[in-house]
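Enquirer: no FASTA, just this:
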DNA sequence: ACCTGAACACCGTTCAAGT
DNA sequence: ACCTGAACACCGTTCAAGT
């Protein structure tokens, strides 16, 4: 055996990432494995390692697709031209909806930890930054550019924390309504303090 | 071999949890394994399974110790009798300090996910509830009991989100000061909105 | 050059069989 | 009753050897 060349290196990457996305969605991060991805695309694990280098790189590429999907999902319905608190609430609701509908894929974004010696690739960090800027944009007219940068980080990390603990069942609350009531409270009061203070 | 009875069932649990804590602190959750715990206490994996039942139960018991340590750490220096925002800021600073000093053990609290069919044991949920009540207490005189319950969840999940993303390097910020500046902003403005609004 | 197959050093889980 | 040892079905990673 050997030398199949059914696919180019790029095609191989693509079908592996696609199969990986499906596996992740079905089985969650704990059920995910490079070997199973290899099986699903009809290649050996060895081939996957030739193409991606290591396990973390495989996961990183799959998570990158999730990040793209998340960004696209967040920006849907942006035609409405909401402002201030309403714009942030809309983003928070979309974030929760995405996390709920794609729980395994969304979870993997945070369950996967790179080994400390392996820094986040720049192309991945940029995707994260783009999501932050979506939160920052509606804040800028409210509090100015400098404060908006800071406030976007506070709000986004907080909304993430509420969704993460809430969906994991660690907040002593039930259902979607409760998560939304927490994020609404956060956004209303934080922005009130920020603009009134 | 077989029948050693060097330890009672309870002693076995105890030394296993202790060894597990150490392993977790050294190697992190990804480097943790029941087999290695067994090796460290000089018993077989089989024995560990007889005593705990399964892998998740082992992790749960180890995380419970971390939760106890966290609660103890949070309540240190409570003699100062801080009130309102100052009390919450103190808790947030302690939370971040604990997460930083015990990163692997703290991380495992959230990296470990129970299989969906296995609900959180009541004794574990109670430990989580006790931590929430520590946040709730200084809020009650400010906004009343009912609002305090809700606000404690908002604040605690938000502080957690900021620490989690911040310590994982996903907030585009550097150092302890930055995390504190985010949690301070959160607490000041959220409480301002809550009491003024 | 591309890919395989096998090896290595691990996992969680189960359970017959020893003492 | 208590504990072991081995088995089973998996992992990530590496790399000589085929085509």
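Expert: Structure's in. What do you need? As the structure is a prediction and not an experimental result, all values here were calculated from the model.
Enquirer: switch to C-alpha atoms for all contacts and neighbour counts from now on
Expert: Fine.
Enquirer: Spatially central residue for chain A, please.
Expert: residue A:67 (4.3 Å; C-alpha atoms, centre = their mean).
Enquirer: right, and that one touches residue A:129 too?
Expert: No. Using C-alpha atoms under 8 Å, residue A:67 is not in contact with residue A:129; the gap is 10.8 Å.
Enquirer: ok, the residue nearest to the centre of chain A to residue B:17 distance?
Expert: 37 Å (C-alpha to C-alpha, to the nearest Å).
Enquirer: Show the pLDDT at residue A:176.
Expert: Reading off the confidence values, residue A:176 has pLDDT 68.
Enquirer: Looking at the record's assignment, how would you partition chain A?
Expert: According to automatic domain parsing, chain A comprises the domains A:1-53, A:62-196.
Enquirer: any idea how far the first one is from the chain center?
Expert: Spelled out, that is domain A:1-53. Remark: domain A:1-53 is offset 21 Å from the chain centroid, using C-alpha atoms, centre = their mean, to the nearest Å.
Enquirer: Compute the mean per-residue pLDDT across it, please.
Expert: The average of the pLDDT scores along domain A:1-53 is 93.
Enquirer: tell me the SS of residue A:91?
Expert: helix (DSSP: H, G, I helix; E, B strand; the rest coil).
Enquirer: mind listing what it touches?
Expert: Neighbour list for residue A:91: A:74, A:135 [criterion: C-alpha atoms under 8 Å, 6 or more residues apart in numbering or on different chains].
Enquirer: roughly how far apart are the nearest residue to residue A:130 once chain neighbours are set aside and chain B?
Expert: Closest residue to residue A:130 in three dimensions, ignoring its sequence neighbours and counting by C-alpha to C-alpha, 6 or more residues apart in numbering or on different chains: residue A:71, at 7.9 Å. Separation of residue A:71 from chain B (C-alpha to the nearest C-alpha, to the nearest Å) stands at 16 Å.
Enquirer: Which pLDDT value belongs to residue A:71?
Expert: 97.
Enquirer: How many neighbouring residues does residue A:124 have?
Expert: 14 (other C-alpha atoms under 10 Å in any protein chain shown).
Enquirer: which other residues reach the helix or strand containing it?
Expert: When elements are assigned from DSSP states H and E, residue A:124 belongs to helix A:122-136. With contacts defined as C-alpha under 8 Å, 6+ apart, helix A:122-136 is touched by A:64, A:67-68, A:71, A:88, A:91, A:148-149, A:151-153, A:156, B:170.
Enquirer: On the three-state scheme, residue A:153 is what?
Expert: helix.
Enquirer: Look at the residue nearest to it when sequence neighbours are not counted and tell me its secondary structure.
Expert: Leaving out its chain neighbours, the residue that sits closest to residue A:153 by C-alpha to C-alpha, 6+ apart is residue B:171, at 6.8 Å. With three-state DSSP as the basis, residue B:171 sits in coil.
Enquirer: No further queries at this time; thank you.
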